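Asker: Whatever this is, show me its structure:
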Amino acid sequence: MKKTILLASVCAALLSACAPTTSPREGSSAMPDSATTSAATSAETQASLSAYHWRLTAATDAAGKSIAALQKGVEHQVRLTFKDDGVNIRGGCNAQFGGFTYKNGVLTIANLASTMKACEQSLMQLDAEIAQRLKGDLRVTLSGDKAEPALDLTTQDGSVLKFVGEPTPETLYGSAGQVMFLEVAAKRAECSHPMIPHYQCLMVRERKFNDAGIALPAPDKWQPLYQSIEGFEHQEGVRTVLRVKRYDWKNPPADAPSKVYVLDMVVEQDASGKRK
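Answerer: Residues are numbered from 1 along each chain as shown. This is a model prediction of the structure:
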């Protein structure tokens, strides 16, 4: 009888030693919450998508062969820009835009629309090819680093569109842009540039519009702009009204301005030579 009790005690002790310890509470530091981790990863990926303009560099089909119909998109530098919940596609004939969502490695683009400008047939066909492939669910692969990011989008038919990231102005300059309107005079004028003798400055003045979009009277005085406007090429004899974004450059080089102007849209052009 004593042997039986002793044997039972030994077995109980062994079972107790082999039993698992108390499971950690879900969400504790000992057990990562997979839902939280997935949400963080999705947020980081979406932030990365929004931090760059994505320029098309190659397109291959499921067999790895180049897609000839999209080669013109490489030449014309088709770019995707993600902002908030919208995507903008440029580089063909028309600008295309729509909504997008990202979750668990899958990018879904929906309801693509476009402007209605007429262009040469090859560019209009490029628009159609891009729209056809950037539709529905796309598998996302991000690689590289912040300096040279790369984005692969794998379509439902196995085609792969490869993009390289170029920092948006917000990423490059470290600030949100302030929208403003600048009128650029038809002629440049010599100005006292601190580093370039006899520099020809753009002459500008700020324009304002009321809530109905009607231009308010322009100030008479023009001011020299001692720098260029990114994306804008001045044409001698053409007066232009631009919508620009002005950025505060957080860490500019020693010889660079602390504010940067980037073209957002050409609002008006006038080559008549008449002063307004």
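Asker: List the buried residues of stretch 197-205.
Answerer: 201, 202, 203, 204, 205 (16 or more other CB atoms under 10 Å). Heads up, the C-betas are built off the backbone N, CA and C, glycines and all.
Asker: Surely residue 70 and residue 128 touch.
Answerer: No - the criterion here is CB atoms under 8 Å, and residue 70 misses it with residue 128 at 11.0 Å.
Asker: want to throw the buried residues of stretch 197-205 into CSV with distance to residue 139?
Answerer: Converted to CSV, these look like this (distance: CB to CB, whole Å):
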residue, distance to residue 139
201, 50
202, 46
203, 51
204, 46
205, 50
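Asker: of all the residues you listed, which comes closest to residue 186?
Answerer: Of all the buried residues of stretch 197-205, residue 186 sits closest to residue 203, with 8.9 Å by CB to CB.
Asker: show me what contacts the closest one?
Answerer: Residue 203 makes contact with 184, 185, 187, 188, 189, 222, 223, 224, 225, according to CB atoms under 8 Å, 6 or more residues apart in numbering.
Asker: quick one: which two of the residues you listed are the most distant?
Answerer: Every pair of the contacts of residue 203 checked by CB to CB; the farthest is 187 and 223, at 14.3 Å.
Asker: State the helix or strand in which residue 156 lies.
Answerer: Under the criterion DSSP states H and E, no helix or strand holds residue 156.
Asker: So in terms of bridging, what pairs with the nearest residue to it once chain neighbours are set aside?
Answerer: Leaving aside its sequence neighbours, residue 156 sits nearest to residue 136 (CB to CB, 6 or more residues apart in numbering; 5.8 Å). In this entry, residue 136 is beta-bridged to residue 109, by DSSP bridges.
Asker: Report the secondary structure element holding the nearest residue to residue 230 once chain neighbours are set aside.
Answerer: Spatial nearest neighbour of residue 230, excluding adjacent residues (CB to CB, 6+ apart): residue 262 at 4.5 Å. Element membership for residue 262 (DSSP H and E) is strand 259-270.
Asker: mind listing which of the buried residues of stretch 197-205 are in strands?
Answerer: Cross-referencing these against strands under DSSP state E gives 201, 202, 203, 204, 205.
Asker: On the pLDDT front, check the fourth one for me.
Answerer: With respect to pLDDT, residue 204 scores 98.
Asker: What separation do you get for it and residue 96?
Answerer: Residue 204 sits 32 Å away from residue 96, going by CB to CB, to the nearest Å.
Asker: One more: the first one?
Answerer: Summarising the geometry, the distance separating residue 201 from residue 96, computed by CB to CB, is 37 Å.
Asker: for the stretch 101-250 of the chain, what spans make up the strands?
Answerer: 106-114, 136-144, 149-154, 160-167, 178-184, 189-191, 199-207, 223-225, 239-248 (DSSP state E, counting those that start in this stretch).
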